[in-house]
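[1] Quick one, what's the 3D model for this:
(2 chains)
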2 protein chains.
Amino acid sequence: MNENNVPAHATPLAAVSQVIETLKARWPDRISTSEALRKQHANTFTWHQPQLPDAVVFAHSTKEVQEIVRLCAAHRVPIIPFGTGTSLEGQINAPQGGISVDLSQMNEILSVFPGDLACTVQAGVTRKQLNEYLRDQGLFFPIDPGADASLGGMAATRASGTNAVRYGTMRENVLSLTVVLPDGRAVRTARRARKSSAGYDLTRLLVGSEGTLGVITEVTLKLSGIPETIAAAVCPFETLAGACDTAMAAIQSGIPIARIELLDELQIKACNIYSKLTLAEAPTLFVEFHGSRTSVDEQVALFEAIAQDNDARGFQWSTKPEERTKLWQARHDAAFSCMVLKPGAAVLPTDVCVPISRLAECVLATKEDLARRNLFGPIVGHVGDGNFHVAVLFDRDNAEEVKRVKAFSEALAHRAIAMDGTCTGEHGVGQGKMAYLDAEFGDALDLMRAVKRAIDLLNIMNPGKIFAL
Amino acid sequence: MNENNVPAHATPLAAVSQVIETLKARWPDRISTSEALRKQHANTFTWHQPQLPDAVVFAHSTKEVQEIVRLCAAHRVPIIPFGTGTSLEGQINAPQGGISVDLSQMNEILSVFPGDLACTVQAGVTRKQLNEYLRDQGLFFPIDPGADASLGGMAATRASGTNAVRYGTMRENVLSLTVVLPDGRAVRTARRARKSSAGYDLTRLLVGSEGTLGVITEVTLKLSGIPETIAAAVCPFETLAGACDTAMAAIQSGIPIARIELLDELQIKACNIYSKLTLAEAPTLFVEFHGSRTSVDEQVALFEAIAQDNDARGFQWSTKPEERTKLWQARHDAAFSCMVLKPGAAVLPTDVCVPISRLAECVLATKEDLARRNLFGPIVGHVGDGNFHVAVLFDRDNAEEVKRVKAFSEALAHRAIAMDGTCTGEHGVGQGKMAYLDAEFGDALDLMRAVKRAIDLLNIMNPGKIFAL
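    Now for the predicted structure:
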């Protein structure tokens, strides 16, 4: 873990000061060097030590971002794009100092194209804001990481969530981006057609690039129609294996399930306390089905048969919208809720993703590994994608325990990679997963580095993330 | 149109000769400089004049491709990857000469992972070969360009087809690629997990790169379960507008339609002659629905209501598999069949894709434009994606007509771009659409060029395609 909470200044202070002075003259009310604000813009949510930027500037338009980027480029000062600050792997830290460009005030929904099931928003619009806006039109945007993240940040980190098993991740749901490049030019990565074979897929190159190639300022998204019928259920199992096997079989049998979430008995306990639920403390699947009435009935029947074959203890169906909302809010609050199990503990939230045929094996081995290392961490996951999370709770001041946590996290990443999976299904690389990319990609990592160098020659775009150059 | 059918040799002949001599010593039986074979490996299917490679070599493994690439790189000799040669925009031409690397003998299906609905194949495996192999396992690979293309070539050109509206294109269905880079290293772009947020999306960067960044040698694909029920129908309309409006409304209402293909009255006439059908010569939709019995019934009822609102003349349902096969084979043969309408004519097949809300407008304006320019070209399209094709039939020896064809094709690309669409939905850029990328991407085109330069410094990978450097 990085110990220093002051930036290791590779950037000359004189350059930084000059940039800050210019920004102050330009937007006196929208730039700050206050420690409180800078702290809030460094990574405080997770186990990564905060590394503060030198200043925070609030941008209001793509043109303003271009101005800021040109200024920083001229002085070779790092730029750290900031949406809501809810990323989990140190993506918004400033290890070399620099300017945090806060896009949260760029929160305008620019266009909705109902006939195309699409919309264009400024990068600072959050997913909940968008969905509230869309509701009256019978449309919604399905990607739902736990936090109410900004759509620019979600694009930058290739976010995902509970609906990904049916609707895909940001990879599948971004049609086009407006991006300010390291040289200050603003470009649009694609047009609004659903498909295209015109040249390199710049949209997908930028989605998941974590601010290292440019600042995303506008996002054009695919939308979906709000389903006619939604059925959600809680289904506890005798064993963790039974829950995993059910998820695997449901996917393999082609049920177009909208959500299938695993919560182990520890996580259920945490949700019961934090979200005031009264669920049985057992390995549990939260499931949801979308479609017409008959299609949902059919999906439910198929799923129930599979679950019963795997020792499900029965189903608790939520038919009312408010019940469903409570259920999914509890799921989204899982990351927070687990802290109630060990008050005062630090939390290392990590995630991996494996081919679904290896899911049960990977989850069970991980559970055993936690026990073997005498660590405490609820498991929760988007298991329909083969993706699961562990939130390890630990005492930050206990150096020996910290060591065990790090070893566990390393072993988990390598376990997933050994199963032909990935060291991160949806949290991204940031600072936390850099160490594993070599094992995951081998020489292909050089391809990423070549792209980075070609686009961000000066290495001013969120430096120190994804890979060392 | 490029007039020369001999390569404009930017590559020194001595270098080429040395490469050919070395290849001959290495694989005497698998390298050829015969004109017939070289012609067959240049672009003969479409309006692009063939530009012959200097030699053709048949590779049998990734390692062999590495050896060939290293040799060519050492002598700065261009490499043109070749699958089945069915691309339509000059992707396999050799404007600077060089070595055509034929991957068709790398046709092994390496692994099927039924539990993960995935498989890994060598690049030369064709889509029909794969589907025949998979049939017994209840699985299929849905992407179906007209030709029986190789899966490596389909990945390289971001191929698509009639099923894309439901199953996506190669963009959505490639999990990972093995690629030989211009420096001869072989890398794997991703692991086999369904999703990942580990760094840049190299898979999507390579999909659609048309051989300009490396040679794809293996492809890991998502598979789908063969649907329990399939229903296909032919539905003629009073007007072209009615057919387009039906497609738009079906998509907007969220029917998970598997295929929805438009054929105008000229194309129907061609299909009737070529494929021995007896369809009414009217603008027609070919549609197909996949799902359970009840889900298909529901989709059909919804669709019929929409079609009837738009003056459909009735439905002709194909319930038997052999009837369906005949129907879709006729659709896949559309590109060939249209030639019967004007025997001896040359054909310029082109495609564009627009946001679906602009589909009717774009198709109708294109039809009018054909008439205004006194040109003859059936229209056929994957209209559920907003994607359609025009196959303009013309006399290659009539310079004045050739001029009109070129002007029409240019106007079509710009019409699509002006509607926030793309100059090519699925044929790719190759040599034929290079002129439009500036209008479509503006400065973002520089981003593509920067990536190309970073990865293929010597510009040996399929040079002269997508963009001029």
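[2] from here on, contacts and neighbour counts on C-alpha atoms
    Will do.
[3] where does chain A have its least confident helix or strand?
    Every helix and strand of chain A was ranked by mean pLDDT, DSSP states H and E. The lowest is helix A:334-337, at a mean of 84.
[4] elements contacting it?
    Judged by 3 or more C-alpha pairs under 8 Å, 6 or more residues apart in numbering or on different chains; DSSP states H and E, helix A:334-337 is in contact with helix A:265-274.
[5] List the buried residues in the helix it packs on.
    Under the neighbour-count criterion of 16 or more other C-alpha atoms under 10 Å in any protein chain shown, helix A:265-274 has A:265-272, A:274 buried.
[6] For those residues, work out which two are farthest apart.
    The distance between the two most remote of these (C-alpha to C-alpha) is 14.2 Å, for A:Glu265 and A:Tyr274.
[7] Convert the least confident helix or strand of chain A to PDB, retaining C-alpha atoms only.
    Provided in PDB are the C-alpha atoms of helix A:334-337 (Å, rounded to 0.1, in the frame of the first residue of the first chain):
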ATOM      1  CA  ALA A 334     -23.300  -3.800   0.000                       C
ATOM      2  CA  ALA A 335     -19.900  -2.100  -0.100                       C
ATOM      3  CA  PHE A 336     -21.000   0.300   2.700                       C
ATOM      4  CA  SER A 337     -23.000  -2.200   4.600                       C
END
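[8] all strands for the stretch 1-150 of chain A, in order.
    A:31-32, A:55-58, A:79-82, A:99-102, A:109-113, A:118-122, A:139-140 (DSSP state E, counting those that start in this stretch).
[9] For the nearest residue to A:Gly432 once chain neighbours are set aside, report the pLDDT, please.
    The shortest distance from A:Gly432 to any non-neighbouring residue, by C-alpha to C-alpha, 6 or more residues apart in numbering or on different chains, is to A:Glu89 (5.0 Å). Here, the pLDDT recorded for A:Glu89 equals 95.
[10] swap in A:Pro7?
    Predicted confidence (pLDDT) for A:Pro7: 48.
[11] likewise A:Asn2?
    According to the prediction, A:Asn2 has pLDDT 40.
[12] do the same with A:Thr44
    pLDDT, A:Thr44: 66.
[13] Same question for A:Thr350.
    As predicted, A:Thr350 sits at a pLDDT of 95.
[14] Say whether chain B is contacted by the strand or helix carrying it.
    Secondary-structure assignment from DSSP states H and E places A:Thr350 in strand A:346-353. Yes: using C-alpha under 8 Å from any C-alpha of the partner chain, we find that strand A:346-353 touches chain B at A:Cys353.
[15] And the residue of the stretch 151-300 of chain A closest to chain B?
    Closest to chain B within the stretch 151-300 of chain A is A:Ser196: 4.1 Å, counting by C-alpha to the nearest C-alpha.
[16] Would you format the strands of the stretch 1-150 of chain A as TSV with distance to A:Asp438 and mean pLDDT included?
    Converted to TSV, these look like this (distance: least, C-alpha to C-alpha, whole Å; pLDDT from 0 to 100):
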stretch	distance to A:Asp438	mean pLDDT
strand A:31-32	38	98
strand A:55-58	33	98
strand A:79-82	24	98
strand A:99-102	28	98
strand A:109-113	39	98
strand A:118-122	35	98
strand A:139-140	38	96
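[17] Nearest to B:Gly428, out of the ones you listed?
    Taking those one by one with C-alpha to C-alpha, strand A:118-122 is closest: 23.9 Å.
[18] Domain map for chain A?
    A:13-105, A:109-225, A:229-335, A:342-441 (automatic domain parsing).
[19] end-to-end on the last one?
    It refers to domain A:342-441. Terminal residues of domain A:342-441 are spaced 36 Å apart (C-alpha to C-alpha, to the nearest Å).
[20] repeat for stretch A:93-108
    Stretch A:93-108 stretches 26 Å from its first residue to its last (C-alpha to C-alpha).
[21] from the chain's centre, how far out does it sit?
    Per C-alpha atoms, centre = their mean, to the nearest Å, the displacement of stretch A:93-108 from the mean C-alpha position of its chain is 17 Å.
[22] buried set for it?
    Neighbour count says stretch A:93-108 has A:93-104, A:106-108 buried, by 16+ other C-alpha under 10 Å.
[23] can you check stretch A:196-213 too?
    By neighbour count on 16+ other C-alpha under 10 Å, the buried set for stretch A:196-213 is A:196-213.
[24] Quick check: end-to-end length of it?
    End-to-end distance for stretch A:196-213, by C-alpha to C-alpha: 22 Å.
[25] Could you do stretch A:341-352 as well?
    Start and end residues of stretch A:341-352 are separated by 23 Å (C-alpha to C-alpha).
[26] Can you give me the buried ones in that stretch?
    Of the residues in stretch A:341-352, those buried (16+ other C-alpha under 10 Å) are A:341, A:345-352.
[27] List the contacts of it.
    Residues outside stretch A:341-352 that contact it (C-alpha atoms under 8 Å, 6 or more residues apart in numbering or on different chains): A:46-47, A:88, A:270, A:335, A:339, A:387-396, A:409, A:412-413, A:416, A:421-427.
[28] and the residues you listed, which are buried?
    With neighbours counted by 16+ other C-alpha under 10 Å, the contacts of stretch A:341-352 contain buried members at A:46-47, A:88, A:270, A:335, A:339, A:387-394, A:409, A:412-413, A:416, A:421-427.
[29] near chain B, which residues of the stretch 151-300 of chain A?
    Within reach of chain B by C-alpha under 8 Å from any C-alpha, the stretch 151-300 of chain A has these residues: A:157-159, A:169, A:172, A:185-202, A:204-209, A:224-225, A:248, A:252-254, A:294-295.
[30] Reformat the buried residues of helix A:265-274 as a markdown table; add pLDDT.
    Shown next, in a markdown table, are those (pLDDT from 0 to 100):
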| residue | pLDDT |
| --- | --- |
| A:Glu265 | 95 |
| A:Leu266 | 94 |
| A:Gln267 | 95 |
| A:Ile268 | 95 |
| A:Lys269 | 95 |
| A:Ala270 | 94 |
| A:Cys271 | 94 |
| A:Asn272 | 94 |
| A:Tyr274 | 93 |
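[31] Direction-wise, compare the lengthiest helix in chain A with strand A:346-353 and give the angle.
    Longest helix in chain A, counting residues (DSSP state H): helix A:399-418. Here the directions of helix A:399-418 and strand A:346-353 differ by 10 degrees (axes from the mean of the first three to the mean of the last three C-alpha atoms, to 10 degrees).
[32] Who are the packing partners of helix A:399-418?
    Under the contact criterion of 3+ C-alpha pairs under 8 Å, 6+ apart, helix A:399-418 touches strand A:346-353, helix A:359-372, strand A:387-394, helix A:437-441.
[33] Now for the closest residue to A:Phe467 other than its chain neighbours, how many residues are close by?
    Sequence neighbours aside, A:Met434 is the residue nearest to A:Phe467 in space, at 5.7 Å (criterion: C-alpha to C-alpha, 6+ apart). Look at A:Met434: counted by other C-alpha atoms under 10 Å in any protein chain shown, it has 19 neighbours.
[34] Report pLDDT for A:Met434.
    A:Met434 is assigned 97 on the pLDDT scale.
[35] what's the answer for the one 5 residues further on, then?
    Note on A:Ala439: pLDDT of 98.
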